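> take this sequence and fold it.
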Amino acid sequence: MSLGFRLAYLAGRKPWDSGIPPAELVAYVEGPAALEPAWALDLGCGTGTNVVYLARHGWRTTGVDFVGRAIAEARRKAEAAGVSARLIVGDVTRLGRLGVTEPHRLLLDLGCLHTIPGDRRDAYVDSVTGAAEPGAVFLLFGFAPGARRGRRLRPRPEGVSEAELRRRFRKGWVLEDATRGTDPYESWWYRLRRKERL
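Numbering: from 1, shown residues only. Predicted structure coming up:
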């Protein structure tokens with residue numbers, strides 16, 4: 001899967017990168033449910049659209065992606081926007097090793113977990129849990145396993161389900177919401193909250 005993403009960036013094909021922050025994120029930054037700005041973490045941040053958006057709204061932002069070309073573009077976006085952001089090339093299943101140790105209040109995964117192989121997903125959960133402050137909000141977008149996604153979406157993600165999230169995040173997290181996306185494919189938005197106490 002990692003080679004597929006690297007090739008997609010090389011070819012300039014990024015159908016997942018709309019350049020617009022999703023409404024689900026905007027609600028927690030500008031809407032009635034807005035959180036007080038603190039540390040925010042974008043897992044699989046790509047070219048930094050959401051990292052820059054968060055930084056513009058007073059958040060101290062961390063973006064992690066394993067594709068160096070994407071992070072280089074994210075750095076250019078942040079510089080052009082005049083915002084400061086920490087952007088790291090690395091593996092989201094090893095945040096602690098990357099020095100991502102701050103307690104983040106808002107976490108975003110806009111299509112990262114659903115691409116991670118099943119045998120590495122528990123490491124992802126441990127990594128994310130270690131980077132979240134008590135009460136943190138975690139917004140996660142993913143396609144359902146086996147969902148029809150059309151020919152244009154390459155590489156094809158493995159998918160993620162509500163049942164899997166409930167199982168993998170059962171310690172330390174509560175799955176508060178699962179909402180079907182508005183696209184013609186089977187995509188889902190999930191909202192999890194870090195428990196105040198383990």
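
> in its sheet, what does the helix or strand containing Trp188 sit against?
Using DSSP states H and E, Trp188 maps to strand 187-194. Within its sheet, and counting by DSSP bridges, strand 187-194 is paired with strand 132-143 (antiparallel), strand 173-180 (antiparallel).

> can those strands go into JSON lines with extra columns for distance to Thr47?
The C-beta positions use only the backbone N, C-alpha and C, and glycine is treated the same way. Output for these, formatted as JSON lines (distance: least, CB to CB, whole Å):
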{"stretch": "strand 132-143", "distance to Thr47": "16"}
{"stretch": "strand 173-180", "distance to Thr47": "25"}
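
> mind putting these in a markdown table, mean neighbour count and mean pLDDT included?
Formatted as a markdown table, these follow (neighbours: other CB atoms under 10 Å; pLDDT from 0 to 100):
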| stretch | mean neighbour count | mean pLDDT |
| --- | --- | --- |
| strand 132-143 | 21 | 96 |
| strand 173-180 | 14 | 94 |
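
> out of those strands, which is closest to Leu165?
Closest to Leu165 of the strands paired with strand 187-194 is strand 173-180 (CB to CB; 5.6 Å).

> alpha carbons of the closest one, in CSV - could you do that?
The C-alpha coordinates for strand 173-180 follow below in CSV (Å, rounded to 0.1, in the frame of the first residue of the first chain):
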residue,chain,number,x,y,z
TRP,A,173,-12.1,5.1,24.2
VAL,A,174,-15.9,5.5,23.5
LEU,A,175,-17.3,5.4,20.0
GLU,A,176,-19.8,8.2,20.2
ASP,A,177,-21.0,8.3,16.6
ALA,A,178,-21.0,6.5,13.3
THR,A,179,-22.5,8.4,10.3
ARG,A,180,-22.7,7.2,6.7
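
> wait, what's in contact with the residue nearest in space to the middle of the chain?
The centre of the chain sits closest to Asp109, judged by CA atoms, centre = their mean, with a distance of 1.7 Å. Contact analysis of Asp109 by CB atoms under 8 Å, 6 or more residues apart in numbering lists 43-44, 128, 138-142.

> returning to what we had before: so which of the strands paired with strand 187-194 comes closest to Ala33?
Using CB to CB, those put strand 132-143 closest to Ala33, at 8.7 Å.

> quick one: contacts of the closest one?
Outside strand 132-143, the residues touching it (CB under 8 Å, 6+ apart) are 22, 24-25, 28, 35, 38-39, 41, 103-111, 113-114, 128, 149, 157, 159-160, 165, 173, 181, 185-197.

> count of residues packed around Gly68?
By other CB atoms under 10 Å, 12 other residues sit near Gly68.

> all set, thanks.
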